[in-house]
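Student: Predicted model and sequence below, questions to follow.
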Amino acid sequence: MSTSDGLVVLNATSNAHEGYSAMRRVILCAGTGCMANGAMKVFERFREEMDRAGLHVVLELRPEAGDRDVRLSKSGCQGFCQMGPLVSVVPDGILYTKVRAEDVPEIVEQTLVGGQVVDRLLYKDPATRKACRGLEDNPFYARQDRRVLRECGFLDPEDIREYILHGGYSAARKAFLEMSPELICKQISASGLRGRGGGGFPTGRKWDAARVQKAATKFVICNGDEGDPGAFMNRSVMEGNPHSVIEGLMIAARAGSAMAAELGSMQLTEQVDALTVMAINPVQYLVSPRVLAGVISFPLLTAIFDVVGVLGGFAVGVGLMGAPAGSYFNGISRYLSLHDITTGVYKALLFGLVVTWVCCYKGYYAARMATGVSRATTEAVVLSSVLILVWDYFLGSVLL
């Protein structure tokens, strides 16, 4: 999908909000805890029983909603893992807990067809023994003010249209089409956004430091680590709302992208043609060194960050929390295997090849017009981000 095609989908999906939201919906939590307790068996049983009851099962987002249409979807972790599998019925405002496959026929008959609540599957407040119908009645959720996780547990993480429906990628569109890299960094700094780990480093300062560098190649790295005690659970966002992570990467890349822009500018100013006139192969002279640098630098960066992670964990665990140094290193030797390290190196090797190849290709073949460089830069960032996620999935399936 090209950038312009993506904007058409974004506009069309956003304008159809009213039709999409009118459909009744059954949301099954597919987080790690619920999956371990048989969530997929519950999901398949819902498909069978809803079809048997004459309800039209809708598995993907669409604007038309008939009287018998019910959308069945999965979500990321809802946080209430000890009570899983969890089933939400929207817009009825019902949350069922500890649902088993054998409970599904009753839910379909009583709730989806009859409009009644199955009281025995509602969560009971341990203090008052009162049944909690939905999130607003549940003491676990009532005092939470979710921001980063506000869509987790409701959004289908595998459906990009649903993310767009909730305003997704609108910030990325604004960043690419209406804002300069400098303005992006200023706005991020003004927002007060900072890291969610122990350091809390201001994000705007970090991005601006990368922006002002004159290096030909810059990298956007998504830190998904959650080893620090009490640190934010990045896994919950990446599983429950992965498109928000992709959008953040796109905005960060817009603030500091360089490789595709550099080659595109050279193409626009006919520097590539000048090399050809001088009998110099532009691909060998311009593209090959950058691809080789990416293939070498990505694994080296991975190794550096691995060492920094170990030393950072030592500083926190031993230096700040007083854990014995011997216990720390014994734990590393017990739980960290050579396979874990080589897997990271293999992934970094491929990611370096993918990012540099895509950026060089888009920049080298950028259109020779005013918008050619910006379009090539945008497409390079988006395509390389998507390819990294795709290859990460396949490599994880093969290597783990």
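Tutor: The structure has been received and is ready for your questions.

Student: Would you state the strands of this structure in chain order?
Tutor: Counting by DSSP state E, the chain has strands at residues 24-29, 56-58, 69-75, 87-90, 94-96, 123-124, 131-132.

Student: Which of those comes out lowest on mean pLDDT?
Tutor: Among the strands of the chain, strand 56-58 has the lowest mean pLDDT, at a mean of 84.

Student: Could you list every helix and strand in contact with that one?
Tutor: Here strand 56-58 touches helix 39-52, strand 69-75, going by 3 or more Cβ pairs under 8 Å, 6 or more residues apart in numbering; DSSP states H and E. Any C-beta I mention is one placed from the backbone N, CA and C, and that applies to glycine too.

Student: which one of the ones you listed lies closest to S191?
Tutor: Among those, strand 69-75 comes nearest to S191, with 27.4 Å by Cβ to Cβ.

Student: gap between the closest one and the chain center?
Tutor: 21 Å (Cα atoms, centre = their mean, to the nearest Å).

Student: Touching, L353 and R290? I think so.
Tutor: No: in this structure, L353 is not within contact of R290 by Cβ atoms under 8 Å, at 11.1 Å.

Student: burial count for L320?
Tutor: Residues contacting L320 under the criterion other Cβ atoms under 10 Å number 10.

Student: Over to R129?
Tutor: The number of residues packed near R129 is 7, by other Cβ under 10 Å.

Student: Same question for T342.
Tutor: 11.

Student: Local confidence estimate at it?
Tutor: So, for T342, pLDDT stands at 81.

Student: L311 - how many residues pack around it?
Tutor: That count, for L311 with other Cβ under 10 Å as the rule, works out to 10.

Student: Could you dump the strands of the chain into JSON lines and include mean neighbour count and distance to S397?
Tutor: Shown next, in JSON lines, are the strands of the chain (neighbours: other Cβ atoms under 10 Å; distance: least, Cβ to Cβ, whole Å):
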{"stretch": "strand 24-29", "mean neighbour count": "23", "distance to S397": "23"}
{"stretch": "strand 56-58", "mean neighbour count": "16", "distance to S397": "28"}
{"stretch": "strand 69-75", "mean neighbour count": "20", "distance to S397": "19"}
{"stretch": "strand 87-90", "mean neighbour count": "20", "distance to S397": "28"}
{"stretch": "strand 94-96", "mean neighbour count": "24", "distance to S397": "32"}
{"stretch": "strand 123-124", "mean neighbour count": "18", "distance to S397": "35"}
{"stretch": "strand 131-132", "mean neighbour count": "16", "distance to S397": "39"}
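
Student: Ok, which of those comes nearest D208?
Tutor: So among the strands of the chain, strand 69-75 is nearest, using Cβ to Cβ, at 35.5 Å.

Student: Hey, what's the angle from the closest one to helix 39-52? Just curious.
Tutor: 180 degrees (axes from the mean of the first three to the mean of the last three Cα atoms, to 10 degrees).

Student: so where's the chain uncertain?
Tutor: Applying pLDDT under 70 to the chain picks out residues 1-22, 61-67, 196-199, 216-217, 223-235, 249-269, 369-371, 373-374, 398-400.

Student: that older thread, neighbour count winner among L353 and R290?
Tutor: Between L353 and R290, counted using other Cβ under 10 Å, the more crowded position is R290 (20 against 16).

Student: What separation do you get for the more buried one and C222?
Tutor: 22 Å (Cβ to Cβ, to the nearest Å).

Student: now A325
Tutor: From A325 to C222 the distance is 31 Å (Cβ to Cβ).

Student: Check V318 too.
Tutor: In terms of Cβ to Cβ, V318 sits 28 Å off from C222.

Student: do the same with P91
Tutor: 34 Å.

Student: Would you mind telling me which of the two has the busier surroundings?
Tutor: Higher neighbour count among P91 and C222: C222, with 14 against 10, using other Cβ under 10 Å.

Student: from what I can see that one touches E247, true?
Tutor: No: taking contacts as Cβ under 8 Å, C222 lies outside contact range of E247: 11.5 Å.

Student: related to what we said a few turns ago, need the strands of the chain in JSON lines with distance to R143, can you?
Tutor: Output for these, formatted as JSON lines (distance: least, Cβ to Cβ, whole Å):
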{"stretch": "strand 24-29", "distance to R143": "20"}
{"stretch": "strand 56-58", "distance to R143": "34"}
{"stretch": "strand 69-75", "distance to R143": "21"}
{"stretch": "strand 87-90", "distance to R143": "19"}
{"stretch": "strand 94-96", "distance to R143": "16"}
{"stretch": "strand 123-124", "distance to R143": "15"}
{"stretch": "strand 131-132", "distance to R143": "13"}
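
Student: okay but L387 is in contact with V354, surely?
Tutor: Yes: here L387 reaches V354: they are 5.1 Å apart, a contact under Cβ under 8 Å.

Student: the more surrounded of the two?
Tutor: Neighbours per residue, other Cβ under 10 Å: of L387 and V354, the larger number sits with V354, 20 against 16.

Student: Please work out how many residues are found near A175.
Tutor: 22.

Student: Repeat that for V283.
Tutor: 13.

Student: Tell me how far the closest residue in space to it that isn't next to it in sequence lies from V386.
Tutor: Of all residues not flanking V283 in the chain, Y364 sits nearest, at 7.6 Å (Cβ to Cβ, 6 or more residues apart in numbering). Noted for Y364: a distance of 20 Å to V386, by Cβ to Cβ.
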